[in-house]
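*Asks:* have a look; sequence and predicted model below, questions after that.
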Amino acid sequence: MSDNKSSFHPAFAVSNIKSNIPITLEMENVAYYTWAELFKVHARSHKVLNHTIAPKTKVAAPSTDADKELWLTLDATVLGWIYSTISRDLLNTIIEPDSTTMEA
């Protein structure tokens, strides 16, 4: 998953997702396309787009325990970004125990 195991992943540097995605996605005020585009740009710039959009080509599953742990941690990070940028109504609609970002 990463060439340099000691490198710090850029997604972990995000301390406040709302400063990068200032729109709260709501059921009533449909701004999905704007929210989704901002989210996609942010995910791409932090090298986690593959957690929200399936790659066009098959990607090998993480092979080591460290890679699996990194993937799970990154997925939880991106899922937290989604949860932090949507309304409570939407959150209550999509939140599921042990859900992945792709499922949300």
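*Replies:* Looks like it arrived, so ask away.
*Asks:* does the residue lying farthest from the centre of the chain sit in a helix or strand, and which one?
*Replies:* Each residue of the chain has a distance to the centre, and by Cα atoms, centre = their mean the biggest one is for Glu28: 23.1 Å. Using DSSP states H and E, Glu28 maps to neither a helix nor a strand.
*Asks:* identify the single longest helix in this protein, thanks.
*Replies:* As assigned by DSSP state H, the longest helix anywhere in the chain is helix 65-84.
*Asks:* ramachandran angles for Thr24?
*Replies:* phi -100, psi 120 (degrees, to the nearest 10).
*Asks:* for the closest residue to Tyr83 other than its chain neighbours, give me the pLDDT.
*Replies:* Leaving aside its sequence neighbours, Tyr83 sits nearest to Leu91 (Cβ to Cβ, 6 or more residues apart in numbering; 5.8 Å). The C-beta positions use only the backbone N, C-alpha and C, and glycine is treated the same way. We have a pLDDT of 95 for Leu91.
*Asks:* so who does Trp35 touch?
*Replies:* If you count contacts by Cβ atoms under 8 Å, 6 or more residues apart in numbering, Trp35 has them with Ile21, Ile23, Leu25, Thr85.
*Asks:* any idea how far the strand or helix carrying it is from the chain center?
*Replies:* For Trp35, the host element (DSSP H and E) is helix 32-45. When distances are taken as Cα atoms, centre = their mean, to the nearest Å, helix 32-45 is centred 10 Å away from the chain's centroid.
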